[in-house]
Structure formats: structure tokens, C-alpha cells
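Engineer: What shape does this take:
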Amino acid sequence: MEKVNNVAVLIDAENMNAACAKQIFDEASNYGNIVVKRIFADWSKASVKNWRDEVNRYSMTAVQQFEVQPRKNTIDIALIIQALIILFEKDVDVFCIAAGDSDYTRLVRELRERNKTVIGLGGRNVNQSFVNAFNEFIYLEGESREKTRKDKGKSKNASPAPVPAQPQEPEILDAKRKSDLIDIIDRMIDNNGKAFYAQISSEMKQKYSDFVPKNFGCNSFKKVMDKLMPCLKKYSVGTEADGTTIYLYRNRESRR
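Structural biologist: This is a model prediction of the structure:
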């Protein structure tokens, strides 16, 4: 029987929105059996009151950490200490860390050096170096909705922004990622004539740990590539005889 991974979920409640709770546990459950649920905050603060119902709903252990001095990283330190205790005292294979704080970057590296899978969960405004420290990083929709709500509140009395004459669809990938993706595809095609989706996905995720389908609103890498094909016009899609292995090859006019 295949071993089911044991998962630890660690949440920094002071920089995560309570609206994200369901998605955090839905995503964590995809990696195995959740055996540890810890959430960290100074629970005397009004800013974390919305988490109290979620603590009960998801049977989390709430860790109290009083703020000794303002602007000191007491919550970060408490979470890091607990993560290391879990590392050495419990049989945990996967750590899911819900936080938007790059102070946890060193912790993530230490866990990965000890052959643990570390999944990050947070908003889209986090530092890219923090994102890339993880095996995978998943963006939380609750964080995006909360930011949108706050932005709308701030702009209620502001003058309406001018409407662009020709609204443009947002880029799926920024210029750097698009360039890296094309480099990977070209290198694979130069080596064997085909760039297989599985290999493209693997190499892109090594460069960008947030390059996972769900961050593009997709449930498979094939659907991600379907979205990206309009900016990959020099390639065409092919399928092996098994009907499931998909690859890219250069269009005839694009071949060197």
C-alpha cells in the first residue's frame, strides 16, 4: 500500500486573512493526511478576531504569543520554533506554511534541506524570493478578495479613473517568465525535436515554484498551456500515439 504523507499546517494569523481558511485546508489536504494544525497570533488583538471561529471550525491548536515589544517578530519566532519541534519530534512529510512574511525563508530552506516538502500559501504581493524558496507556492483567493475590497473602500470618494480606449487583457506571464519558458521549450526541441509538457512543467516549477496550474485558474498543465499558446505562436501542439503524452514542436516556417 502506498504511504500517505503526513501534513503539518502552520498559519501566521497576523498576516493571513481568515477568509482564506477553507482554501488553506482544502489545498493542504491534497498533499496527504493533516496531522498537525497550528495557528499563531497574539489573540488579545482585535485584528485576529475573525480567525476565532475558524480555529474551532477546523480544530486548530491556537498558539498564544504576546507581543513583548511593538514591531518585534514574536509570532514569526514562535512559528519557527514550533516547526522545528515538529520536524524533529513528529513523523511529518509535508509542511504547509500560510504566511506572507519573507522572514520564514530560512525556515523553508532548512526544512527542504532535510528532505521535507514545503508548500507556501499566501497573497500575490509576497516577495518572489520567498515564493521560490518553496517546493510549491499557492496563491490564496481570500487574500486577493480582501485586497480588492480594501482598494474599493479607499477609492469610493476618489475621482473615477479614465477608462482606456482599448482595454487590454492582462498578461498571463511577465516578460521574464515568458522568456524563460521559451528558452526551455527551444532547448528541449533542439535536443530531441519535441518539448514534452511534463518536462516543461517540471523545469518551469524549478525556476518558479508558483508555476502551478491552480495559480492560473486551471486544473491541469494542459489547460495552462492552452492559455499560453497565443504567445507561443512559433510552436504547434502534438500528441504521442498513446493519446495522452503532449508536446510542442516548431512550426515549419520557424525551424532554423
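Engineer: which non-adjacent residue is nearest L140?
Structural biologist: Counting by CB to CB, 6 or more residues apart in numbering, C20 is the residue found nearest to L140 once chain neighbours are left out, at 4.3 Å. Just so you know, the C-beta spots here come from the backbone N, C-alpha and C atoms, and that holds for glycine as well.
Engineer: can you give me phi and psi for that neighbour?
Structural biologist: C20 adopts backbone torsions of phi -90, psi -10, taken as degrees, to the nearest 10.
Engineer: and if you look at Y31?
Structural biologist: Dihedral angles for Y31 - degrees, to the nearest 10 - are phi -100, psi 0.
Engineer: Strands of the stretch 51-200 of the chain, residue ranges please.
Structural biologist: Here the stretch 51-200 of the chain has its strands, by DSSP state E, counting those that start in this stretch, at 61-64, 94-98, 117-122, 136-139, 195-196.
Engineer: So which of the ones you listed is the most surrounded?
Structural biologist: Among the strands of the stretch 51-200 of the chain, ranked by average contacts under mean count of other CB atoms under 10 Å, first place goes to strand 94-98 (a mean of 25).
Engineer: Rounded mean pLDDT for it, please.
Structural biologist: Across strand 94-98, pLDDT averages out at 98.
Engineer: now the angle from it to strand 117-122?
Structural biologist: Angle, strand 94-98 to strand 117-122, by axes from the mean of the first three to the mean of the last three CA atoms, to 10 degrees: 10 degrees.
Engineer: Note down every partner strand of strand 94-98 and its orientation.
Structural biologist: strand 6-12 (parallel), strand 117-122 (parallel) (DSSP bridges).
Engineer: ok now that strand, how far from the chain's centre?
Structural biologist: 11 Å (CA atoms, centre = their mean, to the nearest Å).
Engineer: where do the helices sit along the stretch 51-200 of the chain?
Structural biologist: Along the stretch 51-200 of the chain, the stretches classed as helices by DSSP state H, counting those that start in this stretch are 51-57, 74-89, 105-113, 128-131, 141-154, 175-192, 197-207.
Engineer: Kindly present those as a markdown table, with separate columns for distance to N15.
Structural biologist: What follows is the helices of the stretch 51-200 of the chain, written out as a markdown table (distance: least, CB to CB, whole Å):
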| stretch | distance to N15 |
| --- | --- |
| helix 51-57 | 12 |
| helix 74-89 | 8 |
| helix 105-113 | 14 |
| helix 128-131 | 12 |
| helix 141-154 | 10 |
| helix 175-192 | 26 |
| helix 197-207 | 25 |
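Engineer: Tell me which of those helices sits nearest to G122.
Structural biologist: G122 lies closest to helix 141-154 among the helices of the stretch 51-200 of the chain, at 6.7 Å (CB to CB).
Engineer: Am I right that D12 is in contact with D103?
Structural biologist: No: contact criterion CB atoms under 8 Å: D12 and D103 do not qualify, at 9.5 Å.
Engineer: The two - which one has more neighbours?
Structural biologist: For D12 versus D103, the count of surrounding residues by other CB atoms under 10 Å is larger for D12: 21 against 15.
Engineer: now the stretch 1-150 of the chain, which segments are flagged as low pLDDT?
Structural biologist: Counting by pLDDT under 70, the stretch 1-150 of the chain contains low-confidence ranges at 1, 68-72, 143-150.
Engineer: Repeat the analysis, applying 80 as the threshold.
Structural biologist: Where the stretch 1-150 of the chain drops to pLDDT under 80, the residues are 1-2, 67-73, 142-150.
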